[in-house]
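Chemist: quick check, what structure comes out for this input:
(chains A and B)
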Amino acid sequence: MSDAYIVGAGMIPFGRYPDRTYFQLAADATLMALDDCGLSIKDVGAVYASSTFNAASMLGQKMMQQIGQTGVQIVNVSNACASGATAVREAYVAIKSGLYDVVLAVGAEKNPRGMLAGSPVDGPPPEGLFGSVSMPALFAEAGMVHANAYGTTLAQFAQVAVKNHHHATMNPKAAYRKETPLEEVMASEMIAYPLTKLMCSANVDGAAALIMVSEKKARELGLGRAVRLRGSALTSDPFEPRNPDMLDPNSVTRLAVAQAYEMAGMGPEDLDLVELHDCFATAEILHYENLGLCGEGEAGRFIDSGATALGGSIPVNVSGGLLSKGHPIGATGVANMVEIIDQLRGEAGARQVAGARIGLTHVLGFGVGAAAGVHIFEKA
Amino acid sequence: MASNSGLMAKAGNKSVRVGADGTAWIEGYRCEDCGAVMAVPTMACRACASRVPPAPYRSAQTGKLYTWSIVHRSYPGVAVPFVSAIVDLDGGLSFKGTLKGVAPEALKAGLPVRLVFDDAGGTSDADGSPYVGFHFVAGDAQ
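Modeler: Modelled structure (predicted):
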């Protein structure tokens, strides 16, 4: 089977786009990715388009109406916050199958305003009567499991935000590029203890796209800036006794990362950097352990050590993460990969991880169930 | 739990059951093959995929606090702050609910709590039927 290579990557600056539609955002990112590798939309054999809120409206087709309707297969995917990784996973399967030599994975979203809610239910509105269904509360509860078991402190959770906001100051495409010292993070409005406002991801619009090709096509185009996709895994939540009342970010992630490491023939010790799903600061702490970056119960001390900051042994979310780069749901998974590809190409500017050769991306989707996507990339 | 209008109360949550005499209980489902418990009826066991549908049972109303968050900001119209708690009920079922009457500094994993049925915030459906809901309080006495 052919290996799969990324040859084109594009991402629009994340922020608010009141005068653009979500499919125009997708088209912007797609054209950037095509221009990045010198290909045309006419070269693309299949399109995988991701949006959590707009997949059902045929995002991919609407985007092609903007840039050229070539009549190719288009699959629109929605898989909560793992939608973007799902599109890339499908693109990977398409290349590995040998059916296509050039495919496009694109994610785009214009997020709804305000706090994102769960599905509507029959009966009285549950919020406040039956606990909370807000995403901050769900991730606060998940973080408190770690705090209760290992003594993880509010300051350790808050350090995630301090670090990622600092990283974002070096990313011109991040939505929020402002230093937030620890005191400021801890003193910002409490949303759901232990999560303050600055420990919750930035709700923005955005789009990102990747051009993935077969080995044959990659060699034809030249491997100079190509990045090889070494591992790709997408999982759903296995049964956990507390589900669905307690959504579990851990088991679905651990399943995915185990598969991705096995496929890539490598482990956490081989990684040079990670972009993981820091939708909330507590989540990043949990995922250090889920991804095997540190031992069980050590994540609080791990962030304190500086290991995951730029310059540390395994920098995490040097893009600024979802906390400050932003979290346009259906675009997020693709955008995480764009950052890794920029890094492996040595084109990440001030936030470049020196000598980066191997990077991992992770996203976690929560709705009434869960999905996780993990991808491992290596400089070709 | 009939209302003043005489209308029968309805379950305010997927796991609440209300009997003909108005008594309320929590229904769980246990797989006879693997013993896994779940909060909603399913066609097969969610854990082991046994095709024998997990059988209903009346859950205990006592349990222990597993985790929580103190919610300070929520959707418009929701009174804050409140404690959103995950409770492991005795016998294996876990539920999310609002924990009342416990000071934040007294919250700790393993705290004994019990489930108390309530009027689901006084809400009713379009026909005026009241709902039966629940919350948690500290203590293990029934």
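Chemist: so which residues on the stretch 201-350 of chain A come close to chain B?
Modeler: A:239, A:241-242, A:244-246 (CB under 8 Å from any CB of the partner chain). C-beta here means a position set from N, CA and C on the backbone, and glycine is covered the same way.
Chemist: hmm, 6 Å instead?
Modeler: A:239, A:242, A:245-246 (CB under 6 Å from any CB of the partner chain).
Chemist: which of those count as buried?
Modeler: A:242, A:245-246 (16 or more other CB atoms under 10 Å in any protein chain shown).
Chemist: mind putting those into CSV with secondary structure?
Modeler: Shown next, in CSV, are those (DSSP: H, G, I helix; E, B strand; the rest coil):
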residue, secondary structure
A:242, coil
A:245, coil
A:246, coil
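Chemist: which of these scores worst on pLDDT?
Modeler: Here the lowest pLDDT out of these sits on residue A:245, with 83.
Chemist: can you tell me the helix or strand for residue A:362?
Modeler: Using DSSP states H and E, residue A:362 falls within strand A:358-366.
Chemist: okay, now residue A:56: neighbour count?
Modeler: 9 (other CB atoms under 10 Å in any protein chain shown).
Chemist: and the strands in the stretch 1-150 of chain A?
Modeler: Secondary structure of the stretch 1-150 of chain A (DSSP state E, counting those that start in this stretch): strands at A:4-11, A:46-50, A:73-77, A:102-110.
Chemist: among the ones you listed, which is nearest residue A:219?
Modeler: strand A:4-11 (9.0 Å; CB to CB).
Chemist: from the contact counts, what lies against that closest one?
Modeler: helix A:22-37, strand A:205-214, strand A:227-236, helix A:329-344 (3 or more CB pairs under 6 Å, 6 or more residues apart in numbering or on different chains; DSSP states H and E).
Chemist: follow-up on the earlier one: make a markdown table out of the strands of the stretch 1-150 of chain A and add mean neighbour count and mean pLDDT.
Modeler: As requested, the strands of the stretch 1-150 of chain A are exported to a markdown table (neighbours: other CB atoms under 10 Å in any protein chain shown; pLDDT from 0 to 100):
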| stretch | mean neighbour count | mean pLDDT |
| --- | --- | --- |
| strand A:4-11 | 25 | 98 |
| strand A:46-50 | 29 | 98 |
| strand A:73-77 | 19 | 98 |
| strand A:102-110 | 31 | 98 |
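Chemist: low pLDDT regions in chain A?
Modeler: A:1, A:115-122 (pLDDT under 70).
Chemist: tell me which residue lies nearest the centroid of it.
Modeler: residue A:333 (3.4 Å; CA atoms, centre = their mean).
Chemist: look up how far chain B lies from that residue.
Modeler: Separation of residue A:333 from chain B (CB to the nearest CB, to the nearest Å): 26 Å.
Chemist: tell me if I'm right that that residue and residue A:365 touch.
Modeler: No - assessed by CB atoms under 6 Å, residue A:333 is found out of contact with residue A:365, at 8.6 Å.
Chemist: so where's chain B uncertain?
Modeler: B:1-6, B:141-142.
Chemist: which positions within the longest strand along it qualify as buried?
Modeler: Longest strand in chain B by number of residues (criterion: DSSP state E): strand B:62-71. Neighbour counts using 16+ other CB under 10 Å place B:62-63, B:65-71 of strand B:62-71 among the buried residues.
Chemist: burial count for residue B:72?
Modeler: 18.
Chemist: that one - nearest residue in space that isn't next to it in sequence?
Modeler: residue A:190 (4.4 Å; CB to CB, 6 or more residues apart in numbering or on different chains).
Chemist: other residues contacting the helix or strand hosting residue A:274?
Modeler: Assigned by DSSP H and E, residue A:274 falls within strand A:273-275. By CB atoms under 6 Å, 6 or more residues apart in numbering or on different chains, the surrounding residues in contact with strand A:273-275 are A:315-317, A:336, A:339-340, A:343, A:353, A:356, A:359-361.
Chemist: give me the secondary structure label for the residue lying farthest from the centre of chain B.
Modeler: Distance from the centre of chain B peaks at residue B:51, with 26.4 Å (CA atoms, centre = their mean). Three-state assignment for residue B:51 (three-state DSSP): coil.
Chemist: could you pull up the residues touching it?
Modeler: residue B:44.
Chemist: in the sheet, who's paired with residue A:233?
Modeler: residue A:374 (DSSP bridges).
Chemist: that one is in contact with residue A:259, isn't it?
Modeler: Yes - Residue A:233 lies in contact with residue A:259 (CB under 6 Å); the separation is 3.7 Å.
Chemist: the more surrounded of the two?
Modeler: Taking other CB under 10 Å, residue A:233 and residue A:259 do not tie; residue A:233 has more neighbours (23 against 17).
Chemist: returning to that earlier point: got TSV for the residues of the stretch 201-350 of chain A next to chain B, with distance to residue A:98 too?
Modeler: Below are those laid out as TSV (distance: CB to CB, whole Å):
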residue	distance to residue A:98
A:239	35
A:242	42
A:245	44
A:246	42
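Chemist: touching chain A at all, the next helix-or-strand element following the longest strand of chain B?
Modeler: Later in the chain than strand B:62-71, the nearest helix or strand by DSSP H and E is strand B:82-89. Yes - Strand B:82-89 is in contact with chain A by CB under 6 Å from any CB, via B:82, B:84, B:86.
Chemist: residues near the first one, how many?
Modeler: When neighbours are counted by other CB under 10 Å, residue B:82 registers 22.
Chemist: tell me the contacts of residue B:57?
Modeler: Residue B:57 neighbours (CB under 6 Å, 6+ apart): B:28, B:30.
Chemist: mind listing what's buried in the strand or helix carrying it?
Modeler: Assigned by DSSP H and E, residue B:57 belongs to strand B:55-58. Neighbour counts over strand B:55-58 (16+ other CB under 10 Å) mark residue B:57 as buried.
Chemist: parallel or antiparallel, list what pairs with that strand.
Modeler: strand B:24-30 (antiparallel).
Chemist: how far does the strand it pairs with sit from its chain's centre?
Modeler: Centroid separation between strand B:24-30 and its chain, computed with CA atoms, centre = their mean, to the nearest Å, is 9 Å.
Chemist: residues making contact with that strand?
Modeler: B:15-18, B:37-38, B:41, B:54-59, B:93, B:117, B:132.
Chemist: scan those residues and report the most crowded one.
Modeler: residue B:54 (26 neighbours).
Chemist: phi, psi of that residue?
Modeler: phi -50, psi 140 (degrees, to the nearest 10).
Chemist: that one - nearest residue in space that isn't next to it in sequence?
Modeler: residue B:29 (3.8 Å).
Chemist: and the closest residue to residue A:152 other than its chain neighbours, helix, strand or coil?
Modeler: Excluding its sequence neighbours, the residue lying closest to residue A:152 (CB to CB, 6+ apart) is residue A:300, at 4.0 Å. Following three-state DSSP, residue A:300 is assigned to helix.
Chemist: residue A:300: how many residues sit nearby?
Modeler: With other CB under 10 Å as criterion, residue A:300 counts 21.
Chemist: run through the bridge partners of the nearest residue to residue A:73 once chain neighbours are set aside.
Modeler: Once flanking residues are discounted, residue A:73 sits nearest to residue A:46: 4.6 Å by CB to CB, 6+ apart. For residue A:46, the beta-bridge partners are residue A:73, residue A:103 (DSSP bridges).
Chemist: pretty sure residue A:46 contacts residue A:105?
Modeler: No - contact criterion CB under 6 Å: residue A:46 and residue A:105 do not qualify, at 9.6 Å.
Chemist: circling back to that earlier point, next one: the strand holding residue B:57 to chain centre, how far?
Modeler: With CA atoms, centre = their mean, you get 14 Å for strand B:55-58.
Chemist: ditto for stretch A:99-109
Modeler: That offset, for stretch A:99-109, works out to 16 Å (CA atoms, centre = their mean).
Chemist: for residue 72, what are its contacts?
Modeler: Looking at chain A here, since you left the chain open. Contacts of residue A:72 (CB under 6 Å, 6+ apart): A:45-46.
Chemist: wrong chain, I was asking about chain B
Modeler: Per CB under 6 Å, 6+ apart, neighbours of residue B:72: A:190, B:80-81.
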